[in-house]
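In: Predicted model and sequence below, questions to follow.
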Amino acid sequence: MTSVTSLAPPATGNAPAGAAPQGAITDAKKRYAAGVLKYAQMGYWDGDYEPKETDLLAVFRITPQEGVDPVEAAAAVAGESSTATWTVVWTDRLTACDSYRGKAYKVEPVPGQPGQYFVYIAYDLILFEEGSIANLTASIIGNVFSFKPLKAARLEDMRLPVAYVKTFKGPPTGIVVERERLNSFGRPLLGATIKPKLGLSGKNYGRVVYEALRGGLDFTKDDENINSQPFMHWRDRFLYCMEGVNQAMARTGEVKGHYLNITAGTMEEMYRRAAFAKELGSVIVMVDLIIGWTAIQSISEWARANDMILHMHRAGHGTYTRQKSHGISFRVIAKWLRLAGVDHLHAGTAVGKLEGDPMTVQGYYNVCRERHNAVDLPRGLFFEQDWADIRRVMPVASGGIHAGQMHQLLNLFGDDVVLQFGGGTIGHPMGIEAGAIANRVALEAMVLARNEGRDILSEGPEILQAAAKWCKPLEAALHTWGSVTFDYTSTDTSDFVPTASVA
Ligand SMILES: O=C(COP(=O)(O)O)[C@H](O)[C@H](O)COP(=O)(O)O
Ligand SMILES: [Mg+2]
């Protein structure tokens, strides 16, 4: 018998080829006798297991309590995230339990982090309902994060087999179709979050939208917390924003949009707001991550049926993605969101005001934009991931960025990204339109320089100064913000490179 609060070490050493799973009890009488067994004895550890192409794979970073063997802890995670409970249940024998069990198959110490281990677990495809992130997450993150024998646990990455990917519809619009609808190619898109976040009346809010779009941005954006407060009811916001969008489009001849945040307390209300956005001719609507997985999948269905770009603001993610030892990496959230079906996803800036190690953030971008992810440990990608040509998500770089960082942003993220300057547009000393002009000119100058073959990372500041000579708004932006940096140590870095630096 094993104490259920302090897991004891199981038999160690790799099982010889063809042998029963290490530690597993194969004698049915002993295995299914009532009582408590180690999870490894129950068959949740198999060091010889070769994952099948159709298996879902997960890698967790675990910190076992003192005296808890990491292999047994890995088996416990596999057990609690698949079929197990703390004691033997005879009802296992009414099921195909040998294949249904999650199998921990590899345990590796985390480089440079004593007491932490990466544990790899394979799950049979049959354990999961098709097309349901709610179902997937109820298993994979359902119980294990509060498990007493672990001090901490973090879901670092997942490999979603093609057979599973194909049960989701993915992004309703995707990068290619979004660019076709906007008629914008060969450069990042530009946006701005309206500030102050809360308090403006509809008329003043719409004026900010108009000025920012007229100045050269492609998009403006509601902030995460603007819904339908007393100072501006949602219908007022929608009406004045769309007036601003339409006037700016007429004036510039460019397709523009404002992400109308339709986040609300019920699905019924979200659909009502989405329908009004469509009626007013908006090309895009927005939701916050905090609405939850089922709501996200439902609104994605709506966006697909209504030819609408779906913008996802990852509000709330930092509560569980930021700390390396506990929670879920944002790369996993990004994978789930690509399946669930969003078109835009806030994925970090690296250089701005919010958490973001450059290489880790590039890993998120690769999850959003690549058709196939290769293993890339320095960028945090533990598994190959085939996306089965599911559409690609446009990442959004937003949070404390300004025109003076344009060379860094273009170098880090390339063309398929929305660069979003909220304060960095609206706080411009010459006004909102000037803020937008500064960003558009900085972007166009940098894209041209890159296309001419210049090394924008090293020559960037010079390129911006040269453009600022004939563009007063850019000159003022560089004067105001040029020296603003957010130099803090990143929390969420890869353990596979000694110092995180961009290759
Ligand atoms: O309001 C802003 C940015 O405003 P500003 O441009 O004025 O800093 C967004 O909510 C953050 O970008 C979200 O962060 P993330 O994109 O990391 O989810
Ligand atoms: Mg915000």
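Out: Okay, I see it. Ligands and ions are numbered 1, 2, ... in the order given.

In: Can you pull the phi/psi pair for Y123?
Out: phi -120, psi 130 (degrees, to the nearest 10).

In: That one against R101, yeah?
Out: No. With contact defined as Cβ atoms under 8 Å, Y123 does not count as touching R101 (9.0 Å). Just so you know, the C-beta spots here come from the backbone N, C-alpha and C atoms, and that holds for glycine as well.

In: In the chain, what residue lies closest to ligand 1?
Out: Proximity of the chain to ligand 1 (Cβ to the nearest ligand atom) peaks at G422, 2.7 Å away.

In: neighbours around that residue, how many?
Out: Number of residues near G422 (other Cβ atoms under 10 Å) recorded here: 23.

In: ok, now which ones touch it?
Out: A192, T193, I194, K195, K221, D223, S398 (Cβ atoms under 8 Å, 6 or more residues apart in numbering).

In: Give the helix, strand or coil label for the residue nearest the centre of the chain.
Out: Centroid-nearest residue in the chain: A334, 2.9 Å away (criterion: Cα atoms, centre = their mean). Reduced to three states with DSSP: H, G, I helix; E, B strand; the rest coil, the structure at A334 is helix.

In: Let me know the helix or strand that the residue located most distally from the centre of the chain is in.
Out: Farthest-out residue of the chain from its mean C-alpha position, per Cα atoms, centre = their mean: K29, at 46.4 Å. Assigned by DSSP states H and E, K29 belongs to helix 28-31.

In: sorry, back to before: once you drop chain neighbours, what's closest to the residue of the chain closest to ligand 1?
Out: Nearest residue to G422 in three dimensions, chain neighbours excluded: T193, at 3.4 Å (Cβ to Cβ, 6 or more residues apart in numbering).

In: List the contacts of stretch 139-148.
Out: With contact meaning Cβ under 8 Å, 6+ apart, stretch 139-148 is reached by 5, 58, 60, 65, 76-77, 80-82, 123, 127-128, 150, 153, 155, 158, 326-328.

In: buried sites along the helix or strand where E180 lies?
Out: Following DSSP H and E, one finds E180 within helix 174-182. Counting neighbours by 16 or more other Cβ atoms under 10 Å, one finds that the buried residues in helix 174-182 are G174, I175, V177, E178, R179, L182.

In: how about these in CSV, adding distance to A374 and pLDDT?
Out: Converted to CSV, the buried residues of helix 174-182 look like this (distance: Cβ to Cβ, whole Å; pLDDT from 0 to 100):
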residue, distance to A374, pLDDT
G174, 21, 98
I175, 19, 98
V177, 26, 98
E178, 25, 98
R179, 25, 98
L182, 30, 97
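
In: Which of the residues you listed sits closest to T87?
Out: Distance to T87, by Cβ to Cβ, is smallest for G174 among these, at 47.7 Å.

In: who does L150 bridge with?
Out: P64 (DSSP bridges).

In: what's the neighbour count on R251?
Out: Close neighbours of R251, defined as other Cβ under 10 Å, add up to 12.

In: err, Q420, not the other one
Out: Neighbour count for Q420, taken as other Cβ under 10 Å: 28.

In: Pop out the phi and psi values for it.
Out: phi -120, psi 110.

In: Where does pLDDT dip in the stretch 401-503 of the chain?
Out: Filtered on pLDDT under 70, the stretch 401-503 of the chain yields the residue ranges 498-503.

In: Those residues of it touching ligand 1, which are they?
Out: Q420, F421, G422, G423, G424 (Cβ under 6 Å from any ligand atom).

In: Contact partners for the closest residue to I175 other than its chain neighbours?
Out: Sequence neighbours aside, R392 is the residue nearest to I175 in space, at 4.5 Å (criterion: Cβ to Cβ, 6+ apart). R392 makes contact with P171, G174, I175, V176, C368, R369, E370, R371, D416, according to Cβ under 8 Å, 6+ apart.

In: okay but G281 is in contact with N246, surely?
Out: Yes. Between G281 and N246 there is a contact under Cβ under 8 Å: 7.2 Å.

In: hmm, back to that, so how far is the next helix or strand along the chain from the helix holding E180 from its chain's centroid?
Out: Later in the chain than helix 174-182, the nearest helix or strand by DSSP H and E is strand 189-193. In terms of Cα atoms, centre = their mean, to the nearest Å, the centre of strand 189-193 is set 19 Å apart from its chain centre.

In: in whichever helix or strand comes after strand 189-193, what's buried?
Out: Past strand 189-193, further along toward the C-terminus, the next helix or strand under DSSP H and E is helix 202-214. Residues of helix 202-214 classed as buried: G202, Y205, G206, R207, V208, V209, Y210, E211, A212, L213, R214 (neighbour count, 16+ other Cβ under 10 Å).

In: got CSV for these, with distance to ligand 2 and pLDDT too?
Out: Formatted as CSV, the buried residues of helix 202-214 follow (distance: Cβ to the ion, whole Å; pLDDT from 0 to 100):
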residue, distance to ligand 2, pLDDT
G202, 19, 98
Y205, 15, 98
G206, 19, 98
R207, 20, 98
V208, 14, 98
V209, 16, 98
Y210, 20, 98
E211, 19, 98
A212, 15, 98
L213, 19, 98
R214, 22, 98
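
In: Show me the shaky parts of the protein.
Out: 1-22, 498-503.

In: that older thread, what's the overlap in contacts for Y123 and R101?
Out: S82.

In: what's next to the helix holding E180, contact-wise?
Out: The contact list for helix 174-182 (Cβ under 8 Å, 6+ apart) reads 173, 185, 189, 218, 254-255, 257, 283, 309, 343, 369, 391-394, 416.

In: related to what we said a few turns ago, from the contacts of G422, pick the one nearest Q362.
Out: Each of those was checked against Q362 using Cβ to Cβ; the closest is S398, at 15.9 Å.

In: tell me the contacts of the closest residue to the closest one other than its chain neighbours?
Out: Excluding the flanking residues, the one nearest S398 by Cβ to Cβ, 6+ apart is Q420, at 3.7 Å. With contact set as Cβ under 8 Å, 6+ apart, Q420 has these partners: L190, G191, A192, T193, F219, K221, V396, A397, S398, I401.

In: again with M312
Out: Per Cβ under 8 Å, 6+ apart, neighbours of M312: M286, V287, D288, L289, I296, L337, V342, D343, H344, L345, H346.

In: residues touching the residue nearest to the centre of the chain, list them.
Out: By Cβ under 8 Å, 6+ apart, the contact set of A334 is L345, A347, Y364, V367, C368, V393.

In: Okay, and which of those residues map to strands?
Out: L345 (DSSP state E).

In: so which of the contacts of A334 is the most crowded?
Out: Using other Cβ under 10 Å as the neighbour test, the contacts of A334 are led by A347, with 32 neighbours.

In: For I390, see how far away the closest residue to the residue nearest to the centre of the chain other than its chain neighbours is.
Out: Among residues not flanking A334 along the chain, V367 sits closest, at 4.4 Å (Cβ to Cβ, 6+ apart). Note on V367: its distance to I390, by Cβ to Cβ, to the nearest Å, is 12 Å.

In: just V36 next, same as before
Out: 43 Å.

In: the more surrounded of these two?
Out: Taking other Cβ under 10 Å, V36 and I390 do not tie; I390 has more neighbours (19 against 13).
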